[in-house]
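Enquirer: next comes the sequence, and after it the predicted model I'd like to discuss.
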Amino acid sequence: MDCKYKLPSRLPNDLQSLLHYWQNRQTQLGHLPSWADVNLMDLYAIAPRIFVADRTEKRSGSIRYRWRYWGTKLTTFVGADLTGKYLDDTHDSAANEAAFGHYEWVLQTRRPHYFNNHVSVIGARTPHWSYERLIVPLEGKTVRSGHILGVYVSEDERRLSNPDEKSVY
């Protein structure tokens, strides 16, 4: 296994909540959950930080990811609601390439992926922000489809919202 895809021993609470939920759903169902198997009300506490990306493939073979859901906290912090938009339209080429690679890896391996970095969102109020992210795969209706369920936490967001607050990690 490539070390860069290993989950850290300690995740921020919101990321840990998503991981536990996904693992429990997988155990309950006996297979990888699909989007239909996810109840956002079960994730109410972290739903504002969640995103869902749908994998779409055209007959030509080109693959794109479209944001099905972009949580309100993400919208507030980034300054843009990405719901309904495509990854390659909202991120610069480097961020698009990295995210695309991670999303494809998750769907192929059927394993979670942790990442910490900074991102640039085109046209957003906050052009660069640092974050930690966990993504998990969701089964699609066909072999060519699938979904990515993820959650972001950002120390930048916490500092902007609560400048006197110490880190909660």
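Expert: Good, I have the coordinates.
Enquirer: bridging residues for the spatially most central residue of the chain?
Expert: Central residue check for the chain by Cα atoms, centre = their mean: the C-alpha nearest the mean position is that of Gly150, 2.7 Å away. For Gly150, the beta-bridge partners are Phe51, Ile135 (DSSP bridges).
Enquirer: what sits against it?
Expert: Counting by Cβ atoms under 8 Å, 6 or more residues apart in numbering, Gly150 touches Leu18, Ile50, Phe51, Val52, Ala53, Arg133, Leu134, Ile135, Val136. Bear in mind the C-beta positions are built from the backbone N, C-alpha and C, glycine included.
Enquirer: switch the cut-off to 6 Å
Expert: Neighbouring residues of Gly150 by Cβ atoms under 6 Å, 6 or more residues apart in numbering: Phe51, Arg133, Ile135.
Enquirer: buried ones among the residues you listed?
Expert: Phe51, Arg133, Ile135 (16 or more other Cβ atoms under 10 Å).
Enquirer: and of these, the nearest to Ala94?
Expert: Proximity of the buried ones among the contacts of Gly150 to Ala94 (Cβ to Cβ) peaks at Arg133, which lies at 15.7 Å.
Enquirer: would you list the phi and psi of that closest one?
Expert: With angles defined as degrees, to the nearest 10, Arg133 sits at phi -140, psi 140.
Enquirer: which residues does it contact?
Expert: Neighbour list for Arg133: Phe115, Gly150, Tyr152 [criterion: Cβ under 6 Å, 6+ apart].
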